[in-house]
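Undergrad: structure for this input, please:
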Amino acid sequence: MAPTQAMRVAGDRPRRRKHVPGQLIVRLKPAAVRQIAAASLQAATSRALMAAMPDDVRGPIDFLHDNFGLQSMKPLFVVGDDEAPAQPQAMALAAVHRSIARSATAPPREALAGFQIVQLKDGKVDAGILKRLRASRAVDLVEPVPNRWLSAAADPMKIRQWGLRAIRWFDRPRPGAGRVHVAVLDSGVDAGHPDLADAIEDYRHDGNGARDFLGHGTHVSGTIAAVVNNSAGIAGLANCRLHCWKVFDDPKRAGDDENFNFDFYSKALAAALDSNIKVINLSIGGEDHSKTEATAFTALIDAGVVISTAMGNEFEDGNPKEYPAGYADTIGVGAVDESHRRASFSNTGKHIKLVAPGVNILSTVPRVKASFADHTSYDSWPGTSMATPHVTGAAALVYINKTKSRAAGLAVARRLIATATKLPAMRGRDFTPEYGAGLLDVAAALGRAKPAKKSGRKTAKKTSKAKPARKGRK
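TA: Now for the predicted structure:
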């Protein structure tokens, strides 16, 4: 889904990997994790730690170390300060023991305990490795790390913010969302951008630099929260507080594709659980279902977090079901163009919830040239990535006066879906796999205006024949 520096679309792009090479997620059963954590408190030496390692745990670790070059193990979904990482050549059993122990004590929920991300020197992870590890009585889950990529499409061009008009953002005064906190897990953000600096509460880029090399996260952030009426640039949907996490590694060379970092991603998801974050924007996707990721999403939704997700841009490349939009209770968002027709690239499916503007969306980009952008400061892009933050911003507005809870979060999602505008292309149906419940309607969701009857004028028949959004020029 995510473009390279040439902003290629599905038909012009090589097939992406479903999994991150050389990485595994291993979850140990609670009894084994508790035993190791208890030993960590009692053992005074590394030798004592190793002696306390159960055979059912040590066996799989030795197997990976001896046959595939175990480089590191890190606990997923941990909160708090990180311990110093072990050097790849010195991944001793004692270090593994400490990592497993921390996975038992640091995660914010019991459901997220015991998960480890494993890095192997040999990048090949096949079915035989998975089968061997699953045979251990101490192992609860083993799966390759799912790859995720950014959901921007191609052929940017500058236009005005037609998307805000399409979702009736201008129709009525909107409440102030300054108390609502929204997380953006993406490629980073230009935190000094004049349209974003006052909106950013926190920016975590962990082991990477602060610069948003791709520009994608900055574009998404602008649609959600660019400062309104500041005599600069554009207007974001909600004047909310942004918490930005960089979950893609910095490119090693100019023009490299994005490199998803599941470790950073898991930390961001865990941090949102017991925080004031009410909405998460995930303009990312990939074709592989992950039990680990799904477990984290269940915990987030139970905690009252609304998760807005991109449907993906591979309709012309087989229209696969993509994740995280495919997980239950997330808001899967498709893209429409200016004629309110499905964008040609926008994926479809039974899991779609609604659509939002996603073609020629003008928003913020870094002030230093980014690889996805044709311009600096502001640029117009298409993609389900660009549709998703419209829904995220609307969710922040609807969530303003509600205490964070599972019931409240689900009610916000239902409100956005129930008040969506039925489009002519839906032919009178309440739901279609192309449009979900219809086009996002901010005015109706806020209860400040009657829902739009149907989008489009008497020329709807002509509009319905409009050509889909054209592919990128590269």
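Undergrad: show me the contacts for residue 434.
TA: Residue 434 sits next to 334, 342, 346, 348, 352, 425-426 when contact means CB atoms under 8 Å, 6 or more residues apart in numbering. The way it works is simple: take the backbone N, C-alpha and C, and place the C-beta from them, glycine included.
Undergrad: adding distance to residue 175 and neighbour count, write those residues out as CSV.
TA: Shown next, in CSV, are those (distance: CB to CB, whole Å; neighbours: other CB atoms under 10 Å):
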residue, distance to residue 175, neighbour count
334, 27, 30
342, 31, 24
346, 30, 34
348, 33, 18
352, 28, 24
425, 32, 20
426, 30, 21
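Undergrad: in strands, which of those residues fall?
TA: Using DSSP state E, the members of the contacts of residue 434 that fall in strands are 334, 352.
Undergrad: of all the contacts of residue 434, which two lie farthest apart?
TA: 346 and 426 (14.5 Å; CB to CB).
Undergrad: low-scoring pLDDT stretches of the protein, where are they?
TA: 1-15, 40-52, 81-93, 152-159, 255, 448-474 (pLDDT under 70).
Undergrad: okay, now the domains of it?
TA: 10-15+149-463, 19-146 (automatic domain parsing).
Undergrad: the shortest one: end-to-end distance?
TA: End-to-end distance for domain 19-146: 5 Å, by CA to CA, to the nearest Å.
Undergrad: how far away is the residue nearest in space to the middle of the chain from residue 54?
TA: Most central in the chain under CA atoms, centre = their mean is residue 282, positioned 2.7 Å from the mean C-alpha point. Distance, residue 282 to residue 54, using CB to CB, to the nearest Å: 36 Å.
Undergrad: out of the contacts of residue 434, flag the one nearest to residue 378.
TA: residue 346 (23.3 Å).
Undergrad: which residue packs closest to residue 295, ignoring adjacent ones?
TA: Spatial nearest neighbour of residue 295, excluding adjacent residues (CB to CB, 6 or more residues apart in numbering): residue 111 at 5.9 Å.
Undergrad: repeat that for residue 438.
TA: Residue 438 sits nearest to residue 420 (CB to CB, 6+ apart), 3.7 Å away.
Undergrad: then residue 422?
TA: That would be residue 438: by CB to CB, 6+ apart, it lies 4.7 Å from residue 422.
Undergrad: and that neighbour, what are its phi and psi?
TA: Main-chain dihedrals, residue 438, degrees, to the nearest 10: phi 130, psi -160.
Undergrad: wait, doesn't it sit right on residue 424?
TA: No. Counting by CB atoms under 8 Å, residue 424 is not a contact partner of residue 438; they are 10.4 Å apart.
Undergrad: these two: which is more packed in?
TA: residue 438 (28 against 18; other CB atoms under 10 Å).
Undergrad: quick one: contacts for that one?
TA: Residue 438 neighbours (CB under 8 Å, 6+ apart): 354-355, 420-423, 426, 455.
Undergrad: just the buried ones from the residues you listed?
TA: Among the contacts of residue 438, the ones that count as buried by 16 or more other CB atoms under 10 Å are 354-355, 420-423, 426, 455.
Undergrad: mind listing the helices for the stretch 301-450 of the chain?
TA: 384-398, 406-418, 442-445 (DSSP state H, counting those that start in this stretch).
Undergrad: quick one, the second one and helix 384-398 angle?
TA: Using axes from the mean of the first three to the mean of the last three CA atoms, to 10 degrees, the interaxial angle of helix 406-418 with respect to helix 384-398 works out to 120 degrees.
Undergrad: what are the contacting residues of helix 406-418?
TA: 278, 301-306, 329, 331, 353-354, 391, 394-395, 398-399, 402, 436-437, 440, 445.
Undergrad: pull out the buried residues from that helix.
TA: Buried residues in helix 406-418 (16+ other CB under 10 Å): 408-409, 411-413, 415-417.
Undergrad: likewise for the longest one?
TA: Of the residues in helix 384-398, those buried under the neighbour-count criterion (16+ other CB under 10 Å) are 384-398.
Undergrad: ok so, going back, export the buried ones among the contacts of residue 438 as JSON lines, with columns for distance to residue 233.
TA: Converted to JSON lines, the buried ones among the contacts of residue 438 look like this (distance: CB to CB, whole Å):
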{"residue": "354", "distance to residue 233": "27"}
{"residue": "355", "distance to residue 233": "25"}
{"residue": "420", "distance to residue 233": "28"}
{"residue": "421", "distance to residue 233": "27"}
{"residue": "422", "distance to residue 233": "33"}
{"residue": "423", "distance to residue 233": "29"}
{"residue": "426", "distance to residue 233": "34"}
{"residue": "455", "distance to residue 233": "27"}
